[in-house]
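Novice: I'll drop the sequence and a predicted model, then ask my questions.
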Amino acid sequence: MSEERPKRLALIASRGTLDWAYPPFILASTAAALDMEVAVFFTFYGLPLLKKDLGAKVAPHANPAMPMKMPFGSEKFQNITWNVPNAVSGVVPGFESFATSMMKKKFASKGVATIEELREACVELEVKLIACQMTMDVFGFSREEFIDGIDIGGAATFLEFAADSDISLFI
């Protein structure tokens, strides 16, 4: 009688902004906590999410659907939600840093773990974090720039895992 293998989740993380960093790390850490085998392939702009110096920011101009509650003077305007990215993100210097700060504060106030905490949970839960070798070569990254506990490999490395996965997602 053969033993049943754990379910497997294969993720591709291709974006490195703060808002796009949450989905792969939340899904990976949750799946690993549920005893699934998990691999995340970090490629192109997702690769910097594995760097020791994580500088991910929100890019509101790239996400015009991002709602932001902006408190204005009087009580009756406190809960107005307006589409700030479309209104000002392209013309106000420093708005990306402002939006990043707002998102981090909002997430912290709601008890959401930071990207660094989620990433560390993935390492502790033995999620296979694969840095794309080709992307490293193209953009000139060195192994020393990345956190400990990751693998470096190409598409074949990831596909070997993904071929036997129950769930595969491109994020």
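Specialist: Right, received. Where do you want to start?
Novice: can you check what pLDDT the model gives S89?
Specialist: In this model, S89 is scored at 56, pLDDT.
Novice: I should have written M1 there, sorry.
Specialist: 51.
Novice: shaky segments in the chain?
Specialist: 1-2, 60-91 (pLDDT under 70).
Novice: contacts only, for the most centrally placed residue in it.
Specialist: For the chain, the residue nearest the mean C-alpha position is A21 (1.4 Å; CA atoms, centre = their mean). For A21, the contact set (CB atoms under 8 Å, 6 or more residues apart in numbering) comprises A13, R15, L49, A56, I115. Placement of C-beta: from N, CA and C, glycine included.
Novice: what's the burial count for the third one?
Specialist: Just to be clear, that refers to L49. Residues within reach of L49, counting by other CB atoms under 10 Å, total 25.
Novice: in a helix, it, correct?
Specialist: Yes. Under DSSP: H, G, I helix; E, B strand; the rest coil, L49 sits within a helix.
Novice: which two in the contacts of A21 are spaced the farthest apart?
Specialist: R15 and I115 (12.5 Å; CB to CB).
Novice: does the residue nearest to the centre of the chain count as helix, strand or coil?
Specialist: A21 ends up helix, using three-state DSSP.
Novice: hmm, back to that, who wins for neighbours among the contacts of A21?
Specialist: So for the contacts of A21 (other CB under 10 Å), the most neighbours sit at A13, 28 neighbours.
Novice: could you list the domains of this structure?
Specialist: The domain map for the chain lists 8-56+114-170, 60-109, with the assignment taken from automatic domain parsing.
Novice: what's the offset of the longest one from the middle of its chain?
Specialist: Looking back up the chat, that one is domain 8-56+114-170. Counting by CA atoms, centre = their mean, to the nearest Å, domain 8-56+114-170 is centred 8 Å from the centre of its parent chain.
Novice: tell me the most buried of the domains of the chain?
Specialist: Highest mean neighbour count among the domains of the chain (mean count of other CB atoms under 10 Å): domain 8-56+114-170, with a mean of 18.
Novice: and that one, how far apart are its ends?
Specialist: Its first and final residues considered, domain 8-56+114-170 spans 15 Å by CA to CA, to the nearest Å.
Novice: got a list of contacts for stretch 163-171?
Specialist: By CB under 8 Å, 6+ apart, stretch 163-171 touches 7-15, 20, 23-24, 27, 39, 46, 162.
Novice: Provide the secondary structure category for the nearest residue to F98 once chain neighbours are set aside.
Specialist: Distance criterion CB to CB, 6 or more residues apart in numbering; nearest residue to F98, sequence neighbours excluded, is V92 at 8.0 Å. Three-state call for V92 (three-state DSSP): coil.
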